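Participant: this is the structure alone, sequence omitted:
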(Lines give C-alpha, C1' and ligand atoms only; values in the text may rest on other atoms or scores of the structure.)
Protein backbone atom coordinates (compact mmCIF):
# COMPACT_ATOMS: atom_id res chain seq x y z
CA UNK A 1 0.00 0.00 0.00
CA UNK A 2 1.33 3.43 -0.94
CA UNK A 3 0.76 6.70 0.80
CA UNK A 4 -0.64 9.65 -1.12
CA UNK A 5 2.73 11.45 -0.91
CA UNK A 6 5.47 10.58 -3.39
CA UNK A 7 8.31 8.52 -1.97
CA UNK A 8 6.37 7.21 1.01
CA UNK A 9 5.73 3.64 -0.11
CA UNK A 10 5.70 1.81 3.20
CA UNK A 11 6.83 -1.54 1.76
CA UNK A 12 9.86 0.13 0.13
CA UNK A 13 10.88 1.68 3.44
CA UNK A 14 10.55 -1.69 5.17
CA UNK A 15 12.84 -3.20 2.56
CA UNK A 16 15.45 -0.48 3.18
CA UNK A 17 14.74 1.42 -0.03
CA UNK A 18 14.14 5.12 0.32
CA UNK A 19 15.74 4.96 3.76
CA UNK A 20 18.04 7.71 4.99
CA UNK A 21 21.63 6.77 3.95
CA UNK A 22 22.91 6.89 7.53
CA UNK A 23 20.08 4.69 8.82
CA UNK A 24 20.69 2.31 5.91
CA UNK A 25 24.39 2.09 6.81
CA UNK A 26 23.56 1.39 10.47
CA UNK A 27 21.22 -1.39 9.37
CA UNK A 28 23.56 -2.81 6.69
CA UNK A 29 26.65 -2.78 8.93
CA UNK A 30 24.78 -3.85 12.06
CA UNK A 31 26.27 -0.93 13.97
CA UNK A 32 25.39 -0.76 17.66
CA UNK A 33 26.51 1.23 20.67
CA UNK A 34 28.20 -1.05 23.20
CA UNK A 35 29.55 1.43 25.75
CA UNK A 36 29.31 5.09 26.70
CA UNK A 37 31.89 7.17 28.57
CA UNK A 38 30.89 10.67 29.71
CA UNK A 39 33.74 12.96 30.84
CA UNK A 40 32.27 16.17 32.22
CA UNK A 41 35.68 17.71 32.98
CA UNK A 42 36.72 17.17 29.33
CA UNK A 43 33.33 18.20 27.89
CA UNK A 44 33.30 14.83 26.13
CA UNK A 45 30.88 12.00 25.48
CA UNK A 46 32.65 8.98 23.97
CA UNK A 47 30.37 6.43 22.28
CA UNK A 48 31.96 3.01 21.65
CA UNK A 49 30.54 0.98 18.76
CA UNK A 50 30.57 -2.77 18.19
CA UNK A 51 32.87 -2.09 15.20
CA UNK A 52 35.57 -0.78 17.56
CA UNK A 53 35.07 2.79 16.40
CA UNK A 54 34.58 5.57 18.92
CA UNK A 55 32.29 8.51 18.18
CA UNK A 56 32.76 11.72 20.13
CA UNK A 57 30.39 14.51 21.06
CA UNK A 58 30.75 17.58 23.22
CA UNK A 59 28.54 17.47 26.31
CA UNK A 60 28.12 21.23 25.97
CA UNK A 61 26.36 20.66 22.62
CA UNK A 62 23.74 18.43 24.27
CA UNK A 63 21.32 20.66 26.18
CA UNK A 64 20.25 18.28 28.94
CA UNK A 65 23.63 16.62 29.36
CA UNK A 66 25.62 19.84 29.68
CA UNK A 67 23.73 20.70 32.89
CA UNK A 68 24.01 17.20 34.36
CA UNK A 69 26.25 16.14 37.22
CA UNK A 70 28.88 13.42 36.84
CA UNK A 71 26.64 11.05 38.80
CA UNK A 72 23.68 11.75 36.47
CA UNK A 73 25.82 11.31 33.35
CA UNK A 74 26.95 7.87 34.52
CA UNK A 75 23.34 6.65 34.88
CA UNK A 76 22.77 5.80 31.22
CA UNK A 77 21.40 2.67 29.57
CA UNK A 78 21.30 1.39 26.02
CA UNK A 79 17.93 1.31 24.28
CA UNK A 80 16.66 -0.16 21.03
CA UNK A 81 19.20 -2.95 21.07
CA UNK A 82 22.10 -0.48 21.09
CA UNK A 83 20.86 2.12 18.61
CA UNK A 84 20.20 4.66 21.35
CA UNK A 85 21.20 5.88 24.80
CA UNK A 86 18.78 6.83 27.57
CA UNK A 87 19.33 8.93 30.68
CA UNK A 88 16.09 8.33 32.55
CA UNK A 89 16.76 10.85 35.34
CA UNK A 90 17.55 13.54 32.74
CA UNK A 91 14.65 12.60 30.45
CA UNK A 92 17.09 12.33 27.53
CA UNK A 93 17.29 9.85 24.65
CA UNK A 94 20.01 10.13 21.99
CA UNK A 95 20.34 7.97 18.88
CA UNK A 96 23.35 6.48 17.14
CA UNK A 97 22.01 8.02 13.93
CA UNK A 98 22.33 11.49 15.46
CA UNK A 99 26.00 11.07 16.40
CA UNK A 100 27.29 9.85 13.02
CA UNK A 101 27.03 13.08 10.93
CA UNK A 102 28.87 15.17 13.55
CA UNK A 103 31.54 12.52 13.98
CA UNK A 104 32.01 12.23 10.20
CA UNK A 105 32.33 16.01 9.93
CA UNK A 106 34.95 16.10 12.71
CA UNK A 107 36.94 13.34 10.99
CA UNK A 108 36.78 15.15 7.63
CA UNK A 109 38.02 18.39 9.22
CA UNK A 110 40.90 16.51 10.90
CA UNK A 111 41.92 14.99 7.56
CA UNK A 112 41.71 18.31 5.73
CA UNK A 113 43.76 20.09 8.38
CA UNK A 114 46.34 17.28 8.38
CA UNK A 115 45.88 16.40 12.06
CA UNK A 116 45.99 12.78 13.17
CA UNK A 117 42.80 11.20 14.53
CA UNK A 118 42.36 11.21 18.31
CA UNK A 119 42.21 7.40 18.55
CA UNK A 120 45.60 6.01 19.55
CA UNK A 121 47.01 3.08 17.64
CA UNK A 122 44.06 2.74 15.28
CA UNK A 123 45.02 2.93 11.62
CA UNK A 124 42.81 4.71 9.15
CA UNK A 125 42.56 4.18 5.41
CA UNK A 126 44.43 7.49 5.00
CA UNK A 127 47.33 6.06 7.04
CA UNK A 128 47.47 2.97 4.80
CA UNK A 129 47.50 5.10 1.62
CA UNK A 130 50.34 7.26 2.98
CA UNK A 131 52.73 4.28 3.16
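Facilitator: The structure has been received and is ready for your questions. The structure displayed is predicted, hence computed values, not measured ones.
Participant: residue 73 and residue 51, how far apart?
Facilitator: Distance from residue 73 to residue 51, counting by C-beta to C-beta, to the nearest Å: 24 Å. C-beta here means a position set from N, CA and C on the backbone, and glycine is covered the same way.
Participant: of these two, who's got more company?
Facilitator: residue 73 (20 against 11; other C-beta atoms under 10 Å).
Participant: name the nearest residue to the most centrally placed residue in the chain, ignoring sequence neighbours.
Facilitator: Nearest to the mean C-alpha position of the chain, counting by C-alpha atoms, centre = their mean, stands residue 99 at 3.0 Å. Of all residues not flanking residue 99 in the chain, residue 55 sits nearest, at 4.6 Å (C-beta to C-beta, 6 or more residues apart in numbering).
Participant: the one you found against residue 105, yeah?
Facilitator: No. With contacts counted by C-beta atoms under 8 Å, residue 55 stays clear of residue 105, the gap being 11.4 Å.
Participant: on the pLDDT front, check the closest residue to residue 40 other than its chain neighbours for me.
Facilitator: Of all residues not flanking residue 40 in the chain, residue 70 sits nearest, at 5.1 Å (C-beta to C-beta, 6+ apart). Note on residue 70: pLDDT of 95.
Participant: tally of neighbours for residue 70?
Facilitator: Neighbours around residue 70, by other C-beta under 10 Å: 10.
Participant: now it: phi and psi?
Facilitator: Phi and psi for residue 70, reported as degrees, to the nearest 10, are phi -60, psi -40.
Participant: same thing with residue 81?
Facilitator: phi 70, psi 20.
Participant: same question for the one 3 residues further on.
Facilitator: Here is the backbone geometry of residue 84 (degrees, to the nearest 10): phi -150, psi 170.
Participant: would you mind measuring from it to residue 107?
Facilitator: Note on residue 84: its distance to residue 107, by C-beta to C-beta, is 22 Å.
Participant: quick revisit: so which elements touch the helix or strand encompassing the residue nearest to residue 99?
Facilitator: Element membership for residue 55, per DSSP states H and E: strand 54-57. Where contact means 3 or more C-beta pairs under 8 Å, 6 or more residues apart in numbering; DSSP states H and E, strand 54-57 is packed against strand 44-49, helix 96-113.
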